[in-house]
Each structure stands twice: as structure tokens, then as C-alpha cells.
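Undergrad: Structure of the sequence below:
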Amino acid sequence: MPVVNNYYTLRALVREWQPDLDGTTVRDIYSQNKNELTVALDGGERDWMVRSSVQRPLLHLFRVEGYSKARRNVATLFEDAIGRTVTGVRIAERDRLVSLSLDDGSRLLWQLFGARANVFHVAPDDTIVAAFQRHEELVGTDAPEPYPAPMPDTFEAFEDRWKPNRNKTRQAVQSAVSLFGADLARETMHRAGVTTEAPGDCTEAERRALFEASRELREALEAPAPVLYGDGQFPDAFALIPLTHRPEAPAERFDTVDAAVENFVRRTLAEKHFHRLYDPLEEALASAAEHERRSAERMTEELDSESRAGRYERWGHLLMAQQDRVPEGAEEVELPDLFEDGAPVTIPLDSSMSPVENAEHYYDRARSTRRSREEAEARLDDTIERAQRAEALLADLREINTLDGIKRFRNEREAEFAPFVDREDAEVDRFPYRRFDLGDGFEVWVGKNARQNHELTFHAAQKYDLWMHVRERPGAHTVLHLPNRDAEPGRHRIHTAAAIAAYYSKARGSALVPVMVTERKYVTSPKGADPGVVRVNREDVVMVEPGLPE
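TA: Numbering: from 1, shown residues only. Below you'll find the model as predicted:
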């Protein structure tokens, strides 16, 4: 999958930003999500936010219009840069270092590559004043220097960088034109009409065609026309220009690179969330369906074989009818089978028991075997039914390809799949709490018992989530989970969540119920208290009618 921190994408972003960001004032710099940094800029008539992530694999940088910030629990960073005027927006020559120059000679610098991607406030003498990641380690050290990637402008330079020992021709193109990356290397091969798989087998004419195609592609990248590829909710690829090596038409075109990158990042993060919810459930249901089907096959095979109960009963009859032919203390005896034309039958014996006692033993085993067979027949029907239910759930699950769809499935059909995903060998990361989707990333989580209440409040909930509980009555801990710190749930969502909290309490039958609402950070667990017992340091109260959302 192409990445959005490619040099050409970052260069296109900088070119889009320059007319708008030059002359703006740094209004704020903050982090409200782990590994994400936002620089808010005041442009007088228009405000901007430059948002970035230094978390691999989705390193990204884009700009959105406007300004928003959570009221509490947001870390303000790079305070010396706040209030400064932006005097320039730049990207290093052929390197992924993007900077906002400030009027005091310092700059904000994004390093958007490698395992240690970072953002810095750099002093005029090129030392690091502050670092977003590993501040204590890096403050006072030299800022990263740009190292321009080689760019072959002649065929001879292209030949010097050609690596015939690479496994694939595409990899050799990447070595020769290092700024391209895998997808642009594929596009180079397609435009050149080269299909030779091994770079050592490429003729000089093919290498020349690849060089000319790379020059043509570089010219095309000067005029970005960003697109996303892929069907459905989740994008398959981002591209700065339409790609001729992809036979399908772009799924969506964008007027700006900012809009395309923001859309790609948002939907890619949604896809990661989808797979976190979908993959373990799909694996568990597939495992359960296979387990139940194999169990049913083994039961059927066993039931189709001759019943041992009849053999045990026949041995008992033969021993009772021919007691005098059984030697004392024998471990087995051969007797004529009175039921099968006198054919000899060898019967194992317990040497410590008499013939009658051995016969009674076999009668008992016959009765026990018949009961076991009857139980097996009943279990077979149940096992077949379980296999069918697991297979039907799996089939329904595999029809889902959206984040909202998997959320609904897990919420609405939990009772159906719970018997399968709770298997110890399923290893399913099943969401353990009752969950209600209120849209736009807002969810209500409800504990099911005292242990879950404790886990939900002190481990699952974020400090900025809203915690709720009915006042002075037993009930479930309830959390209104916010998608991020600056998200505003609004009065309607708060009342909906409070109504859910009231519903899962001993006050469910009341007309109106007082529900405490506070940020989770104000909820503590007294030392030595039982699970689920908490102390609330500050609270608001809303009056609601208990009930669940439709």
C-alpha cells in the first residue's frame, strides 16, 4: 500500500500550504492523542491546523481548516514557538524534512521517515529546543540534517545506480530512483512497457525505457491530481496522480492533496479498527464451526459402528447359560455361541469373580453402553445444531465490510456468538462490555459485574471519557467513550448514556433517575475496597428516564 509520507506527497502539501500559511501566527501546539501533534495557526480570516502522526506505519502530515481543541487534559508543547509568525513553509531538497520557519529564526521541523520519526522546535543555531518524542534525550542536540536522495538526470547516472542483483526489476527501479517507492516503481515499469522480472535480464533498451519513463513520471508529479483506489469503505491505495498500471478507475478524486491525505488517513484508521474487531471474531467462529463439524463427524462414525451393548449382553447370556463350562479363576473362556450356530466365542473374564458375577458385570456394561449411545445420539443433534449456528454466524460475519457493520454485529448478536468465542482455545479479543454505538465514534460501554466495572473504569476508559452511575443505588459502571479529547458529545448523547446507566441499575423501574456524570479522571478506587467500589471527587447530576436507545 502506498504511504502518504512519500517525498512527492509532502512536497505537494508544502506547495499547497505556502500561499495560506505564510504570515500566519502560531496559535497553539498540542497533543491530544498519543503520537499525534497538532500545530494551530491563526491566519486572521482563516484558521488552520497542521496535524501529524509519528506512529508507524501510518506516518502522516496534512492540514485542515479551522481550530478545535479539548478543554482539558491536552498537553501543550513547544511553548516558545507559540505566538510566533510563520515566515516560510519548506521541504528539504529531496528529503522528507518539512519545516515552518518562524520570525525569531527558529523553526518547527517534521522528520517523517524511519523508526524514530519526530517533530522538533529548532533554534536558529540548529540545535533542538524541544522534541515531541524523546525530549530529554534530544534537547540540546543538533537537528536532523537533510540528505538529498540521488536523482538520476541522465541515463548514465541511472545505470550507475542500477542493481542487477536485486530479486525483482521493480526493486532495481527503486534503487535507481530512490524517491519513488514501490508503487511509483511499478508505474515506471508499466509506462516503460517492461515486464522482465529479473533486473539482471533487462536489456539496455529496457533500462533506457525505464529511465525515460521515470523522467516522464517525475514531470507528471509536478501537477498532482490525487486519487484513492479501492471499493467500499476502506481505501486500497493513495496516489498523487492516477496510475496507469492500475486497470480499475480511481474510486475517488480530490481537488487538493490535503483533502486526499486526510481522507485516506481517516479511512485507513477506520480499517485498522475494523480488523481489530473483525479478525479475532472471524477466527473464533471459523474455529468453532470446524470443531463442531469434526465432532459431529466423529459421533456419526461411532454411532454407525456396531453397538457394543449387544455384544456385552450376549456374553452375559452365554455365561449365565454355560456356567459349568467356565473354569474357576480363568481370565478368559471360549464358549459356543448359542445365538450363532454354535460358533466359538472368546469372552474376557475377571478372574476374581464367579461366572454369574462376570455375567452381571457384562449386563451392567450393556446398560451403560446403551445409555451412552442414547446420550451420544442426543449430543450429535446438539453438535450438528451448534455447527450450523456457528457456520451461519460466520457466513453473516463475512458479509460485513464496514466499521459500522462490525460494530452492530458485535453489539446486536453478542448472545449468539458468545458460546463460540468464549472457548479457551479461540483466543478472541472479544469486547467484554455491553456496547452501544451513538455515532461519530461515540460509544457507551457498560460493565456486567463488579469485576468488569472495575476493569472498565480503571483500565478500559480514557481519563477524558465521561463516567456515569446511578446515585445511591446499585448499578453498572457506565462510560461514554469519546473518540478523542476534544470531542463534544452534546446534551443528547450524554442523556442517552445516562438513560442506559439507569436502565442497568436497581432503579430501572423508576420514572426518573438521578445519574452522576463526571470525567473518569475524577473517579478513584479507595484502598482495600472491593472491586466496583469507587469514590467520585466531583460530579454533575442529570435526571433521566431509564431506557436503551432504539
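Undergrad: Who are the packing partners of the top helix by length along the chain?
TA: If you go by DSSP state H, the chain has its longest helix at helix 257-304. On a contact count with 3 or more C-beta pairs under 8 Å, 6 or more residues apart in numbering; DSSP states H and E, helix 257-304 meets helix 7-21, strand 60-65, strand 227-229, strand 237-239, helix 355-397, helix 403-412, helix 414-421. Where you see a C-beta, it was placed from the backbone N, CA and C, and this is true even at glycine.
Undergrad: who touches the closest residue to residue 462 other than its chain neighbours in this structure?
TA: Nearest non-adjacent residue to residue 462, counting by C-beta to C-beta, 6 or more residues apart in numbering: residue 520, 6.7 Å away. By C-beta atoms under 8 Å, 6 or more residues apart in numbering, the residues touching residue 520 are 457, 461-467, 479.
Undergrad: what two of these are the furthest from one another?
TA: Farthest pair in those (C-beta to C-beta) is 457 and 464. Separation: 13.6 Å.
Undergrad: who's more crowded, the two?
TA: residue 457 (24 against 20; other C-beta atoms under 10 Å).
Undergrad: part of a helix, is the more buried one?
TA: Yes - counting by DSSP: H, G, I helix; E, B strand; the rest coil, residue 457 is part of a helix.
Undergrad: Tell me the confidence at it?
TA: Among the per-residue scores, residue 457 holds a pLDDT of 90.
Undergrad: show me the residues around it that make contact.
TA: 447, 467, 477, 479, 520, 523, 525, 534.
Undergrad: so the third one touches residue 532, yeah?
TA: Right, residue 477. Yes - contact between residue 477 and residue 532 holds when scored by C-beta atoms under 8 Å: they sit 7.0 Å apart.
Undergrad: what do the two both touch?
TA: Joint contacts of residue 477 and residue 532 (C-beta under 8 Å, 6+ apart) are 447, 453-454.
Undergrad: what stretches of this protein score poorly on pLDDT?
TA: Applying pLDDT under 70 to the chain picks out residues 1-2, 72-73, 302-307, 422-431.
Undergrad: Look up how far residue 484 lies from the residue nearest to residue 462.
TA: 15 Å (C-beta to C-beta, to the nearest Å).
Undergrad: How about residue 267?
TA: 16 Å.
Undergrad: The two: which is more packed in?
TA: Neighbour comparison, residue 267 and residue 484: the larger count goes to residue 267, with 18 against 14 (by other C-beta under 10 Å).
Undergrad: Could you measure from that one over to residue 55?
TA: Per C-beta to C-beta, residue 267 is found 17 Å from residue 55.
Undergrad: what's the answer for residue 365, then?
TA: Residue 365 sits 66 Å away from residue 55, going by C-beta to C-beta.
Undergrad: Residue 354 too?
TA: Going from residue 354 to residue 55 by C-beta to C-beta gives 80 Å.
Undergrad: same check, this time on residue 168
TA: Per C-beta to C-beta, residue 168 is found 29 Å from residue 55.
Undergrad: and if you look at residue 234?
TA: Residue 234 is 19 Å from residue 55, where distance means C-beta to C-beta.
Undergrad: With residue 455 instead?
TA: 26 Å.
Undergrad: Who has more neighbours out of those two?
TA: residue 455 (18 against 14).
Undergrad: my guess is that one contacts residue 448, does it?
TA: No - applying C-beta under 8 Å, one finds residue 455 not in contact with residue 448, separated by 10.3 Å.
Undergrad: so what sits against both of those two?
TA: Here residue 455 and residue 448 have residue 432 as joint contacts, going by C-beta under 8 Å, 6+ apart.
Undergrad: Can you check my assumption that residue 327 lies in a helix?
TA: No - secondary structure of residue 327 (three-state DSSP): coil, not part of a helix.
Undergrad: picking up where we left off before, where's the residue nearest to residue 462 relative to residue 533, distance?
TA: Applying C-beta to C-beta to residue 520 and residue 533 gives a distance of 16 Å.
Undergrad: Would you mind giving the secondary structure of the spatially closest residue to residue 503 that is not a sequence neighbour?
TA: With sequence-adjacent residues excluded and distances taken as C-beta to C-beta, 6+ apart, residue 503 is closest to residue 546, at 4.3 Å. Under the three-state scheme (three-state DSSP), residue 546 adopts coil.
Undergrad: Within its local environment, how many residues does residue 210 see?
TA: The number of residues packed near residue 210 is 27, by other C-beta under 10 Å.
Undergrad: And for residue 37?
TA: Neighbours of residue 37 (other C-beta under 10 Å): 24.
Undergrad: Okay, angle between the helix or strand hosting it and strand 60-65 too, please.
TA: Element membership for residue 37 (DSSP states H and E) is strand 36-42. Put simply, strand 36-42 runs at 30 degrees to strand 60-65, going by axes from the mean of the first three to the mean of the last three C-alpha atoms, to 10 degrees.
Undergrad: circling back to that earlier point, return the distance of the residue nearest to residue 503 relative to residue 467.
TA: 18 Å.
Undergrad: swap in residue 124?
TA: Distance from residue 124 to residue 467, by C-beta to C-beta: 47 Å.
Undergrad: pretty sure residue 397 contacts residue 279?
TA: No - Residue 397 is not in contact with residue 279 according to C-beta under 8 Å; the separation is 10.6 Å.
Undergrad: Contact partners for residue 226?
TA: 12, 238-241, 253-254, 256-257, 259-261 are the contacts of residue 226 under C-beta under 8 Å, 6+ apart.
Undergrad: If you drop the residues flanking it in sequence, what lies closest to residue 413?
TA: Per C-beta to C-beta, 6+ apart, closest to residue 413 is residue 393, 7.2 Å.
Undergrad: How about residue 477?
TA: Nearest residue to residue 477 in three dimensions, chain neighbours excluded: residue 453, at 3.9 Å (C-beta to C-beta, 6+ apart).
Undergrad: count of neighbours near that neighbour?
TA: There are 22 residues near residue 453, going by other C-beta under 10 Å.
Undergrad: looking just at contacts, which helices and strands does the host helix or strand of it meet?
TA: According to DSSP H and E, residue 453 maps onto helix 450-455. Counting contacts by 3+ C-beta pairs under 8 Å, 6+ apart, helix 450-455 packs against no other helix or strand.
Undergrad: after it, next one along is what?
TA: Next along the chain from helix 450-455, counting by DSSP H and E, comes strand 466-470.
Undergrad: neighbouring contacts of that following strand?
TA: Here strand 466-470 makes contact (C-beta under 8 Å, 6+ apart) with 457, 461, 475-480, 482, 489, 494, 497-498, 501-502, 505-507, 513-520, 522-523, 534, 536.
Undergrad: CA atoms of that strand as CSV?
TA: Presented in CSV, the C-alpha positions along strand 466-470 are these (Å, rounded to 0.1, in the frame of the first residue of the first chain):
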residue,chain,number,x,y,z
LEU,A,466,-17.4,10.5,30.8
TRP,A,467,-18.2,8.1,33.7
MET,A,468,-21.7,7.6,34.9
HIS,A,469,-23.5,5.8,37.7
VAL,A,470,-27.0,6.0,39.3
